[in-house]
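1. build the 3D model from these lines:
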Amino acid sequence: MKTISIIFKNPLSKAVFVLVFCSALFYMCNVSTANLSNVVVCTSISSSGACESGSSAFPADVPKIYCSADLKNAPSETKVTFTWKYNGEKIASTDVSAGSAIIYSSLTPNGTLPAGNYSVTVKINSDNSEPVTKEFKVE
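-> Below you'll find the model as predicted:
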């Protein structure tokens, strides 16, 4: 069995190789310093786009449901996906691109919503992002 080895004649070439290798690894992985906080579900948002007050239950005839979140440490054009579900099944999805800001998505029903369990999951489009899910009911 043959072994392949790379011999570096000086320490600088070894350091450059390691730097290039690590940079390539970082480039292949989609990692970000961006994070989400204050994820809230509500029926009205302020002029800044933030939910004015959160709720975990809504009437079936609600005209619109919002989900807002603080996107922090995010470079411009950071993609965030809001996925809305009813009884575990996806009913809508919205992508928002922004830098550090308050972001939001909304669910606008056509008529009344069926009673049941709903959720919205907010996820930054990066390999190291943990999704945040908020559950709510329609009664």
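
2. is the most centrally placed residue in the chain bridged to anything, and to what?
-> Of all residues in the chain, the one closest to the mean position by C-alpha atoms, centre = their mean is residue 123, 2.0 Å from it. Beta bridges link residue 123 to residue 81, judged by DSSP bridges.

3. from residue 94, how far out is it?
-> The gap separating residue 123 from residue 94 is 12 Å, by C-beta to C-beta, to the nearest Å. From N, CA and C alone the C-beta is placed, and that goes for glycine too.

4. what does residue 33 give?
-> 23 Å.

5. higher neighbour count, the two?
-> More neighbours surround residue 94 than the other of residue 33 and residue 94, with 15 against 11 (other C-beta atoms under 10 Å).

6. isn't the more buried one up against residue 105?
-> Yes: in this structure, residue 94 is within contact of residue 105 by C-beta atoms under 8 Å, at 4.4 Å.

7. shared neighbours, those two?
-> Listed contacts common to residue 94 and residue 105 are residue 82; contacts here mean C-beta atoms under 8 Å, 6 or more residues apart in numbering.

8. what number of residues lie near residue 75?
-> When counting by other C-beta under 10 Å, one arrives at 11 neighbours for residue 75.

9. nearest spatial neighbour of it, chain-adjacent residues omitted?
-> Among residues not flanking residue 75 along the chain, residue 99 sits closest, at 6.2 Å (C-beta to C-beta, 6 or more residues apart in numbering).

10. after the least confident helix or strand in the chain by mean pLDDT, next one along is what?
-> Least confident helix or strand of the chain, by mean pLDDT, DSSP states H and E, is helix 11-28 with a mean of 49. Per DSSP states H and E, helix 11-28 leads on to strand 35-42 as the next helix or strand towards the C-terminus.

11. packing partners for the following helix or strand past that next one?
-> Scanning forward in sequence from strand 35-42 by DSSP H and E, the next helix or strand is strand 57-58. With contacts taken as 3 or more C-beta pairs under 8 Å, 6 or more residues apart in numbering; DSSP states H and E, strand 57-58 sits against strand 132-138.

12. now what about the strand it packs on, what contacts it?
-> So strand 132-138 is contacted by 36, 39-41, 55-60, 62, 65, 67, 69, 113-123 (C-beta under 8 Å, 6+ apart).
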